[in-house]
Structure formats: structure tokens, C-alpha cells
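> Pasting the sequence and the predicted coordinates here, then a few questions.
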Amino acid sequence: MAVTAKTVDLTADLGFLKLRNPVLTASGTFGYGLEFGPYLDLEKLGGIVVKGLYYGPREGNPPPRLVETPSGLINAIGLQGIGVEAFAAKVLPELRRIDTAVVVNVCGADDDEYAAVVEFLDGQEGIAAYELNISCPNVKKEGACPALSPRTTFDLVKRLKAASRRPLITKLSPNVTSIVEIALAAEEAGTDAVALVNTFLALAVDLETRRPKLGNVYGGLSGPAIKPIALRMVHQVASRLKAPVIGMGGIMTGADALEFMMAGAAAVEVGTASFVDPDAAVRVADEMARWCESHGIAAVRDVVGTLKTS
Amino acid sequence: MAVTAKTVDLTADLGFLKLRNPVLTASGTFGYGLEFGPYLDLEKLGGIVVKGLYYGPREGNPPPRLVETPSGLINAIGLQGIGVEAFAAKVLPELRRIDTAVVVNVCGADDDEYAAVVEFLDGQEGIAAYELNISCPNVKKEGACPALSPRTTFDLVKRLKAASRRPLITKLSPNVTSIVEIALAAEEAGTDAVALVNTFLALAVDLETRRPKLGNVYGGLSGPAIKPIALRMVHQVASRLKAPVIGMGGIMTGADALEFMMAGAAAVEVGTASFVDPDAAVRVADEMARWCESHGIAAVRDVVGTLKTS
Amino acid sequence: MPIERSARLREVRSWDDHFLFSVDAPAVGKEARPGQFVMVKVGEGAFPLLRRPLGVHDAGPEGFELFFRVAGQGTALLARRKPGDLLDVIGPLGKGFTAGRGLAGRTAFLVGGGRGIAPLYFLARALTGVGARPVVFYGGRTAADVPLRDKFAAAGFELHLSTDDGSLGFAGFVTSLVERELGRAEPAMVYACGPDPMMKALAAITARRGLPSELSLESVMGCGIGACWGCVHRIKGGTGDGWVKICEEGPVFPGERVLWP
Amino acid sequence: MPIERSARLREVRSWDDHFLFSVDAPAVGKEARPGQFVMVKVGEGAFPLLRRPLGVHDAGPEGFELFFRVAGQGTALLARRKPGDLLDVIGPLGKGFTAGRGLAGRTAFLVGGGRGIAPLYFLARALTGVGARPVVFYGGRTAADVPLRDKFAAAGFELHLSTDDGSLGFAGFVTSLVERELGRAEPAMVYACGPDPMMKALAAITARRGLPSELSLESVMGCGIGACWGCVHRIKGGTGDGWVKICEEGPVFPGERVLWP
Ligand SMILES: Cc1cc2nc3c(=O)[nH]c(=O)nc-3n(C[C@H](O)[C@H](O)[C@H](O)COP(=O)(O)OP(=O)(O)OC[C@H]3O[C@@H](n4cnc5c(N)ncnc54)[C@H](O)[C@@H]3O)c2cc1C
Ligand SMILES: Cc1cc2nc3c(=O)[nH]c(=O)nc-3n(C[C@H](O)[C@H](O)[C@H](O)COP(=O)(O)OP(=O)(O)OC[C@H]3O[C@@H](n4cnc5c(N)ncnc54)[C@H](O)[C@@H]3O)c2cc1C
Ligand SMILES: Cc1cc2nc3c(=O)[nH]c(=O)nc-3n(C[C@H](O)[C@H](O)[C@H](O)COP(=O)(O)O)c2cc1C
Ligand SMILES: Cc1cc2nc3c(=O)[nH]c(=O)nc-3n(C[C@H](O)[C@H](O)[C@H](O)COP(=O)(O)O)c2cc1C
Ligand code: FES
Ligand code: FES
């Protein structure tokens, strides 16, 4: 029987988690999920990675928080958010009613706060996994974060893996010399998967005021501009790790997503694209299905890691 | 007397080298210089950094060698070139007739080759300085190069500084966790200036063939896409180093160049822009002058490092 | 708040770098309330990357109008669109002005600075609809910045013009003109949209006189739908610990709740 | 090789995704020789980043013509340009075909595959000019791929058409058609431009018969002026140790010097 967009098997298997399709929404670009209800069918998503959560509510950085660059966006939101308790009380019950994998992006000012967030969330139902945001460039000075060193990555992941009852996805920073080294440290520490990349530490200058365009001076660059670097990193990491890789960075179309999968990603996250088109993540999944159809590919997972480099 | 574009003092002073204006042409994007004679007045340039040179001629990488990405260009030329002897015999005599600073971009398969290139060029006249290309991502596997570690950077720069009779500009790679650490190593080793950034290691995939779009698999990303990251790195390095910083990465206009100077660059290099507009480097200098004029700035060097971050 | 991917640009009027677009988009037009905005794809393809927020200048069953000034690359691209072109817009978004029956028979001041005049036409029409009496203050740096004066006059709204350089109407800031008129009339509400300095001044003026006001704020916006937290402003008693999302809880806020740096 | 920043697009003709541009640019038109190309800014602003190389389809004192097929984003943007728009072009660039007096009174085969036909019209005219007899072979996948057939016919050139699907002219590859005709006529030169497989096959055919040929090669180009080393192809006896810059030493090379992977 010929493959049709309808019959294509889009499911993705991370081992610890089966997804309806390989497309998740990237943390911080999809709010807490519900904001997008009016624009797409949340149950058509592979999963939702909610905005980064600290234990308590957070102020975030002073505006301006966003600046557009050629094919890119620099943000310095600074993880403003409601905290896990409010999240569990107000948001999680709503999300539970939706049949889609919910991944919580876990943040912390220090290792103890990461542990506290995980401990609290372990007491809540309706969460498929934790994505450890050890790579946000917008909170400490000059982008400092655990993901910049294999040692701090290993220690933090090890501690959280021991504490958590749920699978861990460690989210890596691209602002490193060897992302493979960091990924291997996370794997050795027991992470169930890695997600990459987070944003690139960047600066935009306003010539007239002679000030940075962002209130926080530096910010994180995302969008199509970074895709070629992100794709390279995903390829490097996927070629070395046993743990599954979730790829992201500038994915705007199904073709972009398929390139990440060919490079070795078992699933992908769509970030900045959701700002441009609130329904982008679902469109990306649809475009994947149609590409598989036109290429007679019965299961999208057969594309994973098929990039020929010799 | 009011400032006019004509009266603006555009000269840049690197200490070891005075430039007519702060705009040099970036290595590998301006050939050996002479190719551009038909398109601009080479004597209106701050300087020419010629294509990277090994001791002998080099084959370079198999095509395809270029792929365009959103606001960016990935190249994997692989430093094809004629070698220093042919350069000295055929090109240098021509360049000597032109009244502009000529900087040679020095490459080497190993430390000894770098030393051999410097030794040979020390015997030639008409060269203002050497730019040590210790950061090309397109020759060794996965972008390996000396600029990825402070140790290898220090050792190589120290050795070449001792050997060379000319000032050294060390060209840094952006593919590192802390470019400041590498820059400080180069400074400690005695470099006279640092130039940053070289290209970002990147990958582009052809979905249909399931192959990389470049013959060399990975390549180096340049152009406007990388400007925000390059600008951040220049700001970080310039805030820490005593040695002058030459900034580059996606400069297309005079405004872009001025942003790099506000961030701390004493001079800039224009790269990919010269492919789009062969006369881009001269236009950038003109636009700088006009901006100074409209802002009543008598000397462009007064802009250097004036970014207010508090 | 539908995504209208192919809203037909029916008509374009322009004055130098100001543009008035009439767009066919029933779904958006029917829902829109004064003070709401839309997110418009200004380019074709992914350049520029982000949509641009533009206020609803007017709306009806058949569609809506936009009035914008070229401020940079995005609005410059949008300005190139020709009648018949299709626009990709999301909206209406945000919470608009309150223009309720409570104002019937009473006077309201509408203060627009430059492009800030955009949402006030729709508001003035709505106020008339509930029997209120809109008095419009429209200011700019120079005469060329107040191109909609004829449109407001033709609609029969009481109109007070000002220019910083005195080339048209009152010579000085529109806020000074408002202060002068406040001596004569006591409005039940002051609505405003314009550059921050004007809004700040107006907030002070209304506060001093204990007049209620509603200000439409601006910010760079990443998404327009409350997802990126990029558009925040300090608002008293809002959610989000002081930094409140303009796109979601605004862009219109009571003047007394808006905190200024 | 001037930079012509504001060359007026005088006329546009199109067939589905094929476009013929007539451009006013005396400086370029006067200098251009058959087989040379120009680098065209396809977008406005910096998107897409790079110029695109297009062969000179025809040229004269007043300007030049381009014939292109939409292959992707850049050519799609270019195809949107309307008469009166200004184009930013650099050229003429590269070394063209040799169409010298030596061919006077003799026959030359011109073989174009798909969009590869573009530079052959100008060449055919030049050959007629030196008293040679151009015989044009024009092939495509299907009839829609050979839109210039009428133009070549109207110019009075002997024209042989082929389509892979047989929807027009000879059914099969244009190279097979050429081989058939080679049985009947013995050209003094074979010129060709088209996809690599066609060029490769043709190189083999001409080599077997000891016929001189000139092939116009393609490659992605970064600069078009010899500065980026991005456009290389393996050429025997060229400079640059085997990898030769097509934009500088080509795009036209003698068939026997071109090495294929
Ligand atoms: C809710 C809302 C409603 C608006 N309604 C209108 C309207 O009806 N008519 C109109 O002309 N303009 C309106 N604006 C402003 C308009 O969105 C900006 O002028 C536009 O986004 C600038 O985009 P650009 O690409 O042309 O300029 P850019 O090149 O993006 O920026 C040019 C300058 O404008 C600033 N800027 C960029 N985006 C915004 C923004 N969203 N708000 C304020 N400043 C910005 C930049 O910092 C820069 O200084 C509105 C803004 C908001 C938030
Ligand atoms: C010397 C020369 C002369 C040419 N003359 C003509 C002509 O007269 N008419 C015409 O229609 N086309 C011509 N081409 C091909 C034309 O340059 C490409 O079709 C165009 O650059 C594709 O750009 P794009 O943005 O539309 O497609 P892209 O999205 O850039 O690419 C679409 C596809 O075309 C391939 N491609 C991109 N650039 C080139 C290139 N420079 N050469 C070959 N393939 C490329 C890409 O790898 C991709 O597979 C010529 C090419 C060269 C080198
Ligand atoms: C506005 C904004 C907020 C973000 N917030 C988070 C966050 O809270 N946690 C996190 O791990 N990543 C965050 N990111 C990074 C994205 O999840 C993603 O890694 C990055 O944007 C690259 O993907 P993209 O190019 O598709 O946007 C944020 C990105 C943006 C643009
Ligand atoms: C085609 C190409 C070739 C390059 N070759 C060299 C080189 O030989 N030596 C070097 O140090 N940098 C080389 N570079 C890097 C540039 O000099 C510059 O550092 C980089 O492109 C960033 O600047 P840009 O964004 O303005 O192009 C090359 C870049 C490109 C695009
Ligand atoms: S613009 Fe994204 S939250 Fe307001
Ligand atoms: S295209 Fe740049 S060298 Fe040929």
C-alpha cells in the first residue's frame, strides 16, 4: 500500500517516552502551553516543553528584552515566571486535560534549587519528563551556567538523576568548545536524553544611545541564523552518544526538522518559529508527514541518523 | 569648524601600525587584493589582509565549497592557495606598488610550517604585519585548530613572536567556551593584537541526497547571521585585553563597523560583504565618515570602547 | 483572535511616510474592539523574522484599517504592499479601551501623538456610538506628522491640533494643549496613545487633577500573544510581579497603574 | 566589468517558471561577449545574501538580456521584478566562448539543456556574425522546458528540439539527438551548456570523434570575480593545482580539459 501523509508513522521513541510525533515546542517560546490553545490543536503536538521554572516566582530582566537581528532574535527575558507552586496549582491541572506529553523545563539559581524544583514536581502528576535547563545565558553574568563545564554538568545531572522519579533531558549550551564533551558528561551522569541547542550569547548595540539594545546587556540568539551551527552540534553529539538527542535551533519548516533528524536527532523542538506562526509546530509535523509521503517513507524515525558523510 | 565627512579623522592606530582608516578586508574574502582593483580604489582601504597562505601551494577541499544559509554563508574552501613563494614572486611586487597596509594571513599544518612561513616572509618587503590564522575550521577534522586551547595558542604565538621581525595579529576562533581566556593567552605570549572572529563551525544538509551540502562535511559560517555573537565576543575581549582588538563578523555597513568599535574594536575587517559588493570595504569607511559627520565626531577613534553597559 | 493568512489589502492611502491600509478580513473586523492590535507579517518569507504589532485604526464587518508610519525595515517593507496583495495577520489581540455606556452624554479626551493617533479613530467612533462626546487632540513634531487631521475633521469629531514647531495648530507639545483645554472642560476620561515621554507627562497631568485615564503602551513584541514575555512594562497590581505583558494585559492600562522608569 | 547598480529592467517575458529579462545597461551590454555572465542581486536588502550568476542571453549597445528558470529562493525573488524596477548587476564576467573568424563558412553545433540554452542565443548570433553556420540543439525534460524554441526559430537558426518524454521534437536526451546528427554533419566546433550529466556525455561523444568542444560549466558562486575560490572544478592544465575557479578562468572550458568526478 502506498504511503500517504495520513498513514506515515510519525511516532518518535525516546526510550523513556513515546511521542505522537517528533515535534515538541521549545521551552520559553510556547509559554505554559495554554496560551496557544486558540491557534492550534495542542493534541497534535509531539509534546510541550513549558517555560523554564524556578521554585519561586521570578522578576526576569528589565526591558528591552528582545531585539531582532538578521534571521535571528536575541532575547534576555531572564526567565520571568510564576514558579513551580503556582504552576502546579494553576497550569498543570489544565495541561493534564490535554492528551500530549508535558515536559517541564527545570531551572535553579544553584544546585539546591534545581533539586527543590525536581522534588516538588515529583509530587505532581501529569509530567512526562524534566528538561534540565543548565544552559540559560540570561541569568548569570556573561552567560555563566552549569552547561559550560563537563564537571558542573556531571555533578548536577548526577544529583538530580538520583533524586528524580522521572526521566531527565539535559539541555546543553552551544557556547562551548566541545559540546560533545559536555554531552558525554551528562550521559555518564545518567541523563536519559540531551536537548540542544540553547541560545548563543550575543550582543546588539544601539549606535545612537551607545547602549546595548537589551536591558541585560547580553542576550541569547535564536532563530534561522543559528541553524547551521546547531545542526553541526547535533550531528557531533548524536554521532557520539548512546542516549537520544533532541535537536533544535532555527527550525521553521518540516524540511529543517528532517535535516536535524538526518543529522541524528530522535526528536526536535520548535522555538522562535512559534512567535512568527503560533501554529508552526503543528505545521512542521504536517510538512514532515508530507515529505515522507512524497519520498515513500513509511516511518519518519527511519530518517534518524541517515546522513551520509563519506 | 564644523565636522564634515571630508575632515573626519578616520585614522586608526594599532600602536605597531597606523591605518588610513579602520577598515581592512578580511582574509579569504578579498583574494590577494589585486582581484578587486577593478571595483574599488585599493588605496582607500585601511588595509588588505590577504588570503591565508601555507608555505607551499594547497589543493583545498573538494566542491561544493559554499552554501548560503539565512543571512549567512558557510564555506569550506580549505585554504586553497599558491603558497608563500609564489605569493612573494607574483603577488607581493604588485601589492608593493599600492599605498595600503598589507597584512599576510599565516597558516600552517603544524607549528613548524607556521614558523617556516613567517621566516620566509620576514625576508620579503612590503608587509605590514602577520595575521596568524590559528582558527580556520576547514582544514582539520571537526574544526580542530590551535585557537581552541589557551595552551596551544600560547605556545604557537610565543614561538612565532620570538621568530618574527614583524608585528603579530592573532586571529581567534569563536568556537570556544571562553574566547577571553584564549585572547589572554595570546596576549601573554606577546601577540601585538588579536583579530576576531573567524567562522563558526557549521553544517548544512541536503535532504534529497542525504549528504552534507559541502564536500568537506562541515564548514565555517560567516555573514550577518553571526554578527550578534561576534559583537559580544569582541566586547568581552576588548574589556579585558590591553592589546588592540580587530573586530569582524557580519559587517555589511558603516553602522555595523561602528558598533564593533563602540564595543571596543580599534579596527575592523570586512569579509563576506565583499562578495556581495566588491566595493563594500570602501563604502563601509565612507559610511563611517558620514556618521561621524552627522554626529559631530571629529575622529572615529573617539568612538572606540564607548559602549555604556551600566 | 484568528490567524488570517490571506487578508486582501483593498486600498492604500499614503502621506509621505505614513500609510493607511484598508484590509478585507471579516473574522478580524467583526471581533476587533478599539485599542486592540494585530500582528502583521511585514515581509515575504522569513525576512524580517518577526511580525510587527499595529493598532486597529478602524474596523467593521468587512475588515479593518491600519495606520502606520515607517519606523524601520519592517514597516518600510509593509509600506511597499499594493492593493490586491494578501496580508498575513493575527488578531485582534490584547485588551482595548473601555468605552462603555457609562460615558453616555459625557466628554472624553483622546490624545494622540504622531503614529499614536492610529487606535484613536476607532475609539472616537465607538464613543460616539455610546453617546459620549470625543474631543480629539492630535499632535506631531511638524505638520507632516498629523496627516489624519482631515479624516478626523470629516468625521465630525472636535479636533485640536498641535505641532512642536508651530507649523500647524497649537505651537508646542500636545500635552500642553491638553492642559490648556482642561482649564475649560472637565472630561470624564482621558485616553492616550503616543511616545513614552508624552504618556508620562499626560499621566502626571491627569493624576494631578484626579482624572481617570487609559494609556495604550508600546514595546517591541516577539509574539503578541503572551508567550514570549518580551513586551513587559511595570504595572501596579498586575500579574507577573511588576513586569506585566503589554500584549496580553494591555496594551491599554489605566494611567494610575502605569509605572515609569 | 562595471558594477551597474541601477540597471533598468525594460521588459519581462515569461513562460511558467522561465523568465526573459531585457535590461538597460549600456556599460555591460557593450562589453559583453557570448559565454560571459553577470552577478545579479536578486533580493532587496541583504536577503538573500549572495548575488546569483546568470549567463548573458544576448547583449548590445543598449544593454543585455537574461533568460533564467526559477530554481529556488533567489531566482524566485528575481522573477518577481517588474518592468521599471532597477537591478544591481556586476559584469560581464568570466571568459566566454571562442567564436572567431576561423569558423567562417563552417558549421558549429550549439547544445543547450534546459536553462543551459541561455548563453547560446548570443553565441549563435555572434557565430552568424563571423560567417559561421550555427546548428542549435535544444533539449528539455518536457515541452515546457524549451520555451525559447520560437525565438531561435524566428532568428533563422537551424534548430533541433528534443524532450525526454517525447512531448516535443526528438524523444530522448539531447545528446542522443546530437549523436544522430553527427552522423550527417561534421561540425567544426561543439558548444554546450547544461546540466553536468549532459555535459559529461557530450564531452565523451566529442572526444570519441576527436571534435573540439567548449563547455560552459556551472557552480555555486560566492563572488563571481575570483575572490572566494568557491566555484572550482577540476580542469586539466589550469592554474590552482587542478581546482580551477570557474568564474575567472571559465565558465567556458575546452571539453578535453574538463575532468569529471
Ligand atoms: C501594541 C502596539 C501597537 C502599535 N500600533 C502602531 C500603529 O498603529 N501604527 C504605527 O505606525 N506603529 C504602531 N506601533 C509601533 C510599531 O509596531 C513599530 O513602529 C514597528 O514594529 C517598527 O518596526 P520596524 O521594523 O519598521 O522598525 P524596526 O527596525 O524594528 O525598529 C525601528 C525602531 O522602532 C523601535 N521598535 C521596534 N519595534 C517596536 C514596537 N513594537 N514598538 C515600539 N517601538 C518599536 C525599535 O527599537 C527601533 O528603535 C505599535 C506598537 C505596539 C506595541
Ligand atoms: C556561470 C553561470 C551561469 C548561469 N547562467 C544561468 C542562466 O543563464 N539561467 C539560469 O536559469 N541559471 C543560470 N545559472 C544557474 C543559476 O545561477 C542558479 O540557478 C541560481 O543561482 C539558483 O539560485 P536560487 O537562489 O534560485 O536557488 P538556490 O536556492 O540557491 O539553489 C537551488 C538549487 O540550485 C543549486 N544552485 C545554487 N546556486 C547555483 C549555481 N550558481 N549554479 C548551479 N546550481 C546552483 C543549489 O545547490 C540548489 O540545488 C548559472 C550558473 C552559473 C555558475
Ligand atoms: C524568548 C525565548 C525564551 C526562552 N526561554 C527558555 C527557557 O526558559 N528555557 C530553555 O531551556 N530555553 C529557553 N529558550 C531557548 C529555546 O528553548 C531554544 O533552545 C532556542 O530558542 C533555539 O531554538 P529556536 O532557534 O527554534 O528558537 C528561550 C528562547 C527564546 C527565544
Ligand atoms: C570564503 C571565505 C574564506 C575565508 N578564508 C579565510 C582565511 O584564509 N583565513 C582566515 O583567517 N579567515 C578566513 N575566512 C574568515 C574571514 O576572514 C572572517 O573571519 C569571517 O568570514 C567573518 O567575517 P564576515 O562575517 O565579515 O565574513 C574566510 C571566510 C570566508 C567566507
Ligand atoms: S509579545 Fe510576546 S509576550 Fe507579549
Ligand atoms: S565565485 Fe568566487 S572565486 Fe569564483
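Looks like it came in fine. Ligands and ions are numbered 1, 2, ... in the order given.
> show me what contacts residue C:236?
Residue C:236 is in contact with C:256-259, counting by Cβ atoms under 8 Å, 6 or more residues apart in numbering or on different chains. (Glycine included, C-beta is placed from N, CA and C.)
> how about the residues of the stretch 1-150 of chain A that lie near chain C?
A:28-31, A:35-36, A:38-39, A:51, A:57-60, A:63-68, A:70-73, A:75, A:77, A:80, A:82 (Cβ under 8 Å from any Cβ of the partner chain).
> If we check ligand 3, which of these are in contact?
Under the cut-off given by Cβ under 6 Å from any ligand atom, ligand 3 has A:28-29, A:51, A:73, A:75, A:77 from these close to it.
> from these, which single one is nearest residue A:97?
Nearest to residue A:97 out of these is residue A:51 (Cβ to Cβ; 18.9 Å).
> what about residue A:26, distance to residue A:134?
Relative to residue A:134, residue A:26 is positioned 16 Å away (Cβ to Cβ, to the nearest Å).
> ok, the ones next to ligand 3 among the residues of the stretch 1-150 of chain A next to chain C vs residue C:51, which is closest?
Set against residue C:51, the nearest of those by Cβ to Cβ is residue A:73 (11.8 Å).
> Now stretch A:82-90: average pLDDT?
Across stretch A:82-90, pLDDT averages out at 95.
> ditto for stretch C:36-51
On average, stretch C:36-51 scores 90.
> CA atoms of that stretch as PDB?
These are the backbone C-alpha positions of stretch C:36-51, laid out as PDB (Å, rounded to 0.1, in the frame of the first residue of the first chain):
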ATOM      1  CA  GLN C  36      -6.700  46.200  20.200                       C
ATOM      2  CA  PHE C  37      -3.900  45.400  17.800                       C
ATOM      3  CA  VAL C  38      -2.900  42.900  15.200                       C
ATOM      4  CA  MET C  39       0.400  41.200  14.500                       C
ATOM      5  CA  VAL C  40       1.300  41.600  10.800                       C
ATOM      6  CA  LYS C  41       3.800  39.700   8.700                       C
ATOM      7  CA  VAL C  42       5.600  42.600   7.000                       C
ATOM      8  CA  GLY C  43       7.900  40.800   4.700                       C
ATOM      9  CA  GLU C  44       7.500  37.800   2.500                       C
ATOM     10  CA  GLY C  45       9.300  34.600   3.600                       C
ATOM     11  CA  ALA C  46      11.300  34.700   6.800                       C
ATOM     12  CA  PHE C  47      12.700  38.200   6.500                       C
ATOM     13  CA  PRO C  48      12.300  40.100   8.700                       C
ATOM     14  CA  LEU C  49      11.700  37.300  11.100                       C
ATOM     15  CA  LEU C  50       9.100  38.700  13.500                       C
ATOM     16  CA  ARG C  51       5.700  40.100  12.900                       C
END
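> With chain D in mind, check whether it reaches it.
Yes: Stretch C:36-51 reaches chain D (Cβ under 8 Å from any Cβ) through C:45, C:47.
> Is that stretch in proximity to ligand 3?
No: with Cβ under 6 Å from any ligand atom as the measure, stretch C:36-51 is seen stopping short of ligand 3, the closest distance being 10.1 Å.
> in that stretch, what's buried?
C:36-43, C:46-51 (16 or more other Cβ atoms under 10 Å in any protein chain shown).
> do that stretch and ligand 5 meet?
No: residues of stretch C:36-51 contacting ligand 5 under Cβ under 6 Å from any ligand atom: none, with a closest distance of 8.4 Å.
> Run a quick neighbour tally on residue C:145.
Close neighbours of residue C:145, defined as other Cβ atoms under 10 Å in any protein chain shown, add up to 23.
> now it, nearest residue through space, not along the chain?
Once flanking residues are discounted, residue C:145 sits nearest to residue C:114: 5.3 Å by Cβ to Cβ, 6 or more residues apart in numbering or on different chains.
> if I pick the closest residue to ligand 3 within the stretch 1-150 of chain C, what's in contact with it?
Residue of the stretch 1-150 of chain C nearest ligand 3, by Cβ to the nearest ligand atom: residue C:49 (10.1 Å). Residue C:49 makes contacts with A:68, A:71-73, A:223-224, A:272, A:276, as judged by Cβ under 8 Å, 6+ apart.
> change it to 10 Å
By Cβ atoms under 10 Å, 6 or more residues apart in numbering or on different chains, the residues touching residue C:49 are A:68-73, A:222-225, A:250, A:252, A:272-273, A:275-276, B:70-71, C:43, C:74, C:222.
> got it, and residue A:93?
Per Cβ under 10 Å, 6+ apart, neighbours of residue A:93: A:124-126.
> Is residue A:251 in contact with residue A:285, as I believe?
No: counting by Cβ atoms under 10 Å, residue A:251 stays clear of residue A:285, with 11.2 Å between them.
> Could you name every residue contacting both of those two?
A:23, A:257, A:268, A:270.
> mind listing which of those are in helices?
If you go by DSSP state H, the shared contacts of residue A:251 and residue A:285 have residue A:257 in helices.
> Dump the shared contacts of residue A:251 and residue A:285 into TSV; add distance to ligand 3, pLDDT and neighbour count as well.
Below are the shared contacts of residue A:251 and residue A:285 laid out as TSV (distance: Cβ to the nearest ligand atom, whole Å; pLDDT from 0 to 100; neighbours: other Cβ atoms under 10 Å in any protein chain shown):
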residue	distance to ligand 3	pLDDT	neighbour count
A:23	11	98	29
A:257	10	98	30
A:268	9	98	32
A:270	6	98	28
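> Please work out how many residues are found near residue A:165.
11.
> Tell me how far it lies from ligand 4.
To ligand 4, residue A:165 is 48 Å away according to Cβ to the nearest ligand atom, to the nearest Å.
> which phi and psi does that residue have?
Torsion angles at residue A:165 (phi, psi; degrees, to the nearest 10) stand at phi -90, psi 0.
> so it sits right up against residue A:123, yeah?
Yes: Residue A:165 is within contact range of residue A:123, at 9.4 Å (criterion: Cβ under 10 Å).
> circling back to that earlier point, give me the subset of the residues of the stretch 1-150 of chain A next to chain C that also touch chain D.
By Cβ under 10 Å from any Cβ of the partner chain, the members of these lying near chain D are A:70-71.
> And the strands in the stretch 101-250 of chain A?
Taking DSSP state E, counting those that start in this stretch, the strands of the stretch 101-250 of chain A run over residues A:101-106, A:129-133, A:168-171, A:193-196, A:200-203, A:205-206, A:211-212, A:218-222, A:245-247.
> ok, and does the third one reach over to ligand 3?
It stands for strand A:168-171. Yes: using Cβ under 6 Å from any ligand atom, strand A:168-171 reaches ligand 3 at residue A:171.
> Report the distance from the helix or strand hosting residue C:177 to the chain centre.
Using DSSP states H and E, the element containing residue C:177 is helix C:174-184. Distance of helix C:174-184 from its chain centroid, counting by Cα atoms, centre = their mean, to the nearest Å, is 20 Å.
> Show the average pLDDT along the very next helix or strand once past that helix.
Downstream of helix C:174-184, the first helix or strand assigned by DSSP H and E is strand C:189-193. The average pLDDT within strand C:189-193 is 96.
> Neighbouring strands of strand C:189-193 in the sheet, and parallel or not?
strand C:107-113 (parallel), strand C:213-216 (parallel) (DSSP bridges).
> Name the residues of that strand that are buried.
Per 16+ other Cβ under 10 Å, strand C:189-193 contains these buried residues: C:189-193.
> same thing with stretch A:209-221?
Within stretch A:209-221, the residues that count as buried by 16+ other Cβ under 10 Å are A:211-214, A:216-221.
> what sits against the closest residue to ligand 2 within chain C?
Nearest residue of chain C to ligand 2, counting by Cβ to the nearest ligand atom: residue C:45, 11.7 Å away. Residues near residue C:45 by Cβ under 10 Å, 6+ apart: A:252, B:70, D:43, D:47-48, D:73, D:76-77.
> redo that, cut-off 8 Å
With contact taken as Cβ under 8 Å, 6+ apart, residue C:45 is in contact with D:47, D:73.
> Quick one: neighbours of residue 113, just the number.
The chain I'm using is chain A. 15.
> wait, I meant chain C there
As a burial measure, residue C:113 scores 27 neighbours (other Cβ under 10 Å).
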